[in-house]
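quick check, what structure comes out for this input:
(2 chains)
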Amino acid sequence: MAYFIQLAFAGLAQGCIYALVALGFTIIFKSSGVINFAQGEFLLVGAFIASVATFEWGLNFFLAVFIALLITVLIGVLFERFALRYMIGRPAFAIIMITIGLDILLRTGVVMTGKANERPPATPYGIASGVNYGGVHFGENALWTILVTLICCVALYIFFRYTRYGLAMRAAAIDQEAALAMGVNIRLVYALAWGIAAAVATIAGIFLAINVTTFDSTLGSIALFAFPAIILGGLDSIPGAVVGGVVIGLVQLLTQGYESHIANFVGIGFDTITPYLLMIIILLVRPYGLFGTRKVERV
Amino acid sequence: METTQPAVMDSSSPTAEDMLSLQNINTYYGPNHVLRNLTLDVRKGEIVCLLGANAAGKSTTMKTIFGLVKPRSGRILLEGERIDTLGTDAIIKRRLALVPEARRVFSRMSVRENLEMGAYMIPDKAAVLSGIEFVYNLFPRLKERDKQTAGTLSGGEQQMLAMGRALMAQPRLICMDEPSMGLSPILTQTIFDTIQSVRQQGVTVFLVEQNAFMALNIADRGYVLQQGQIVLTDTAKNLLTNDLVRRAYLGG
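As a prediction, this is how the structure comes out:
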């Protein structure tokens, strides 16, 4: 039982990181119809800046995180303003290519600094610290990952439910022209979407970097696991992104923990493909996901 | 064609009485010339209706007024101020409100949230709350459905919501695109009664309608649009007896 709880706890923490990445995807997709393939690199850039600010510039962790957030949000907003704005009305695949371009640009930018190998993560607590309870180790980073993800979800819920700009973003996602006719500035909606997506990705990146203890320029490839998460949850559902992320994290860690016990013949490393198996099954039986609306454009 | 003569256009310069004035508007969708030299004006406190068949350019006229489509030439004045050069948000800020064709309520938002969206440009929270109160008095049905998702409302309730949402902007001028579309005669009557009471509160109304009889019954003046051109304009009373209108829109 302790073994199961241990795995479930680790899976939940991992799932929270997927959930944050998936949230960014979904918020951008809902408000502008763009699938942002550069989402993962915001994790890398965020974690990288926080690390450099801590270890090279000697800044306090929280200040470093603040700077990382500031820069990634700025990159997101400026990319929307100076690249995507000119792509409105172009074919979906052209827009996707542009986001892939941003992905490569960001990763290469990090590599070019020459400081991207075996980067130590910025962290306010010991990387391996945690508490033991009932034979289960609760890592401090995992606990904070879960708590901060929860806070992000509550904050986003309040934002979308009760604030003027949150309402405007939802309205624009439902009917852009009707929202325009209410006086909603659609450029502001896009900028907000990219800013929020970049911010949650940076938070995910900082926790992920601590989780893997040292990182390099491939940190952002984790975003590939956010795809099964958003497909599972439904591409256009914000709660779906969170649920999908957590489920994928749990499935992955539980497979990892039990694959050699239960199904020895699959060997090790089967956990890397279970999220995608789940994604394929979902696409076959329920292509709009658990929470998505049926009419989602195929890309 | 019978002897109906296109009425002489009233293209005199706009007066201080003008709420909205469209002057020689030409709007295109790609290569399609949709609005041709369209000129019309709506005076303060009036109900003016624009009649026309499907695809005559009625909705395009609305979209052009609100900057959702940009005219290629011509001018649009709101109380003497040029607005065709402004963005939609700046136009809404000048207290113009639109009840769009087919209602277009925000389906996955509650009734109250839809009304809050109508007041998007009103910064004063207290004014928004009293606005919601006002709309709920006007349409008690909506009050009962305060928390309900707008997409689950009936067609008539959605039309009330679309009107309420527009009124939330405290408009000087409210533009309505086919408010009777798809509604039963009784509901249509309710909506038109409301339009009249809205006017009595000092709001100018510009109405686009296919239901010419209902529209002309409450309107002061009307314009007839055919293939993007104004072919006739007169008082509503005269239009009701006009041959062209009778044949084309009143089925008689």
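
kindly state the pLDDT recorded for residue A:104?
Here, the pLDDT recorded for residue A:104 equals 95.

give me the phi and psi angles of residue B:121.
phi -90, psi 0 (degrees, to the nearest 10).

for the worst-scoring helix or strand of chain B on mean pLDDT, list every residue counted as buried.
Across the helices and strands of chain B, mean confidence by mean pLDDT, DSSP states H and E is lowest for helix B:243-249: a mean of 86. Judged by neighbour count using 16 or more other CB atoms under 10 Å in any protein chain shown, the buried positions of helix B:243-249 are B:244, B:245, B:246, B:248, B:249. In this view, the C-beta of every residue, glycine as well, is placed from N, C-alpha and C.

please apply the same query to stretch A:215-226.
In stretch A:215-226, counting by 16+ other CB under 10 Å, buried: A:215, A:217, A:219, A:220, A:222, A:223, A:225, A:226.

so for that stretch, mean pLDDT?
92.

strands along the stretch 101-250 of chain B, start to end?
Ranges of strands within the stretch 101-250 of chain B are B:173-177, B:204-209, B:221-226, B:229-235, based on DSSP state E, counting those that start in this stretch.

out of those, which is closest to residue B:133?
Nearest of these to residue B:133, taken as CB to CB: strand B:173-177 at 18.6 Å.

partners of the closest one in the sheet?
With DSSP bridges as the test, strand B:173-177 is paired with strand B:96-99 (parallel), strand B:204-209 (parallel).

pick the one among the buried residues of helix B:243-249 closest to chain A.
Nearest to chain A, judged by CB to the nearest CB, of the buried residues of helix B:243-249 is residue B:249 at 26.6 Å.

quick one: contacts for the closest one?
B:51, B:53, B:210, B:212, B:213, B:224 (CB atoms under 8 Å, 6 or more residues apart in numbering or on different chains).

buried subset of the residues you listed as a PyMOL selection?
Selection of the buried residues among these in PyMOL, burial being defined by 16+ other CB under 10 Å:
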select buried, chain B and resi 51+210+212+224
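
closest to chain A out of the contacts of residue B:249?
residue B:210 (20.5 Å).

what about the residue nearest to residue B:213 when sequence neighbours are not counted, how many neighbours?
Among residues not flanking residue B:213 along the chain, residue B:250 sits closest, at 5.6 Å (CB to CB, 6 or more residues apart in numbering or on different chains). By other CB atoms under 10 Å in any protein chain shown, 16 other residues sit near residue B:250.

contacts for stretch B:147-166 next, please.
A:182, B:97-100, B:103-112, B:114-115, B:117-118, B:135, B:138-139, B:141-142, B:145, B:174, B:176, B:179, B:182-184, B:187, B:190-191, B:194, B:198.

buried sites along the helix or strand hosting residue A:190?
Assigned by DSSP states H and E, residue A:190 belongs to helix A:186-211. For helix A:186-211, burial by neighbour count (16+ other CB under 10 Å) applies to A:186, A:189-211.

quick check: pLDDT value at the residue in the stretch 1-150 of chain A positioned nearest to chain B.
Nearest to chain B, among the residues of the stretch 1-150 of chain A, is residue A:30, at 10.9 Å (CB to the nearest CB). Looking at residue A:30, its pLDDT stands at 91.

what's the distance between the closest residue to it other than its chain neighbours and residue A:162?
Once flanking residues are discounted, residue A:30 sits nearest to residue A:173: 4.3 Å by CB to CB, 6+ apart. Per CB to CB, to the nearest Å, residue A:173 is found 17 Å from residue A:162.

which of these two has more neighbours?
The neighbour comparison of residue A:173 against residue A:162 (other CB under 10 Å) goes to residue A:173, with 22 against 11.

residues contacting that one?
So residue A:173 contacts A:30, A:31, A:236 (CB under 8 Å, 6+ apart).

now that we have these, which one has the most neighbours?
Neighbour max across the contacts of residue A:173 (other CB under 10 Å) = residue A:31, 23 neighbours.

quickly find the element holding it.
Secondary structure from DSSP H and E places residue A:31 in helix A:2-32.

residues of that helix that come out buried?
Those would be A:6-32, for helix A:2-32 by 16+ other CB under 10 Å.

cool, stretch A:245-258 as well?
Using 16+ other CB under 10 Å as the test for burial, stretch A:245-258 gives A:245-257.

is the residue in the stretch 51-200 of chain B positioned nearest to chain A in a helix, a strand, or coil?
Chain A sits closest to residue B:92 of the stretch 51-200 of chain B, with a gap of 3.3 Å, by CB to the nearest CB. In three-state terms, and counting by DSSP: H, G, I helix; E, B strand; the rest coil, residue B:92 is helix.

which strand or helix spans residue B:23?
Short version, using DSSP H and E: residue B:23 is in strand B:18-29.

outside of that strand, which residues touch it?
By CB under 8 Å, 6+ apart, strand B:18-29 touches B:11, B:14, B:33-44, B:46, B:57, B:60-61, B:64-65, B:69-80, B:84, B:172-173, B:204, B:206.

up against chain B, what does chain A have?
Residues of chain A found near chain B (CB under 8 Å from any CB of the partner chain) are A:164, A:167-168, A:170-171, A:174-175, A:177-185.

and the gap between whatever residue of the stretch 101-250 of chain A ends up closest to chain B and residue B:89?
When scored by CB to the nearest CB, the stretch 101-250 of chain A has residue A:183 as its residue closest to chain B, at 3.3 Å. Computed as CB to CB, the residue A:183 to residue B:89 distance reads 5 Å.

who touches both of those two?
Common neighbours of residue A:183 and residue B:89, counting by CB under 8 Å, 6+ apart, are residue B:121.

these two - which one has more neighbours?
residue A:183 (25 against 19).

can you tell me if stretch B:64-74 touches chain A.
Yes. Judged by CB under 8 Å from any CB, stretch B:64-74 and chain A are in contact via B:66, B:68.

what stretches of chain A score poorly on pLDDT?
A:263-264, A:266, A:294-299 (pLDDT under 70).

mind listing the strands for it?
Residue ranges of the strands in chain A, as given by DSSP state E, are A:130-133, A:136-139.

tell me the most buried of those strands?
strand A:136-139 (a mean of 17; mean count of other CB atoms under 10 Å in any protein chain shown).

what lies in contact with that strand?
By CB under 8 Å, 6+ apart, strand A:136-139 touches A:2, A:5, A:6, A:9, A:10, A:13, A:128, A:129, A:130, A:131, A:132.

hmm, 10 Å instead?
Strand A:136-139 has contacts (CB atoms under 10 Å, 6 or more residues apart in numbering or on different chains) with A:1-10, A:13, A:125-132, A:145-146, A:210-211.

in this structure the residue of the stretch 1-150 of chain A closest to chain B contacts residue A:170, no?
Yes. Shown here, residue A:30 and residue A:170 form a contact pair, counting by CB atoms under 10 Å, at 8.3 Å.

what do those two both touch?
If you check residue A:30 and residue A:170 against CB under 10 Å, 6+ apart, the residues they both contact are residue A:238.

can you pull the poorly scored residue ranges out of the stretch 101-250 of chain B?
For the stretch 101-250 of chain B, no range has pLDDT under 70.

show the buried residues in the contacts of stretch B:147-166.
Neighbour-count burial (16+ other CB under 10 Å) applied to the contacts of stretch B:147-166 gives A:182, B:97-100, B:103-112, B:114-115, B:117-118, B:135, B:138-139, B:141-142, B:145, B:174, B:176, B:179, B:183, B:187, B:190-191, B:194, B:198.
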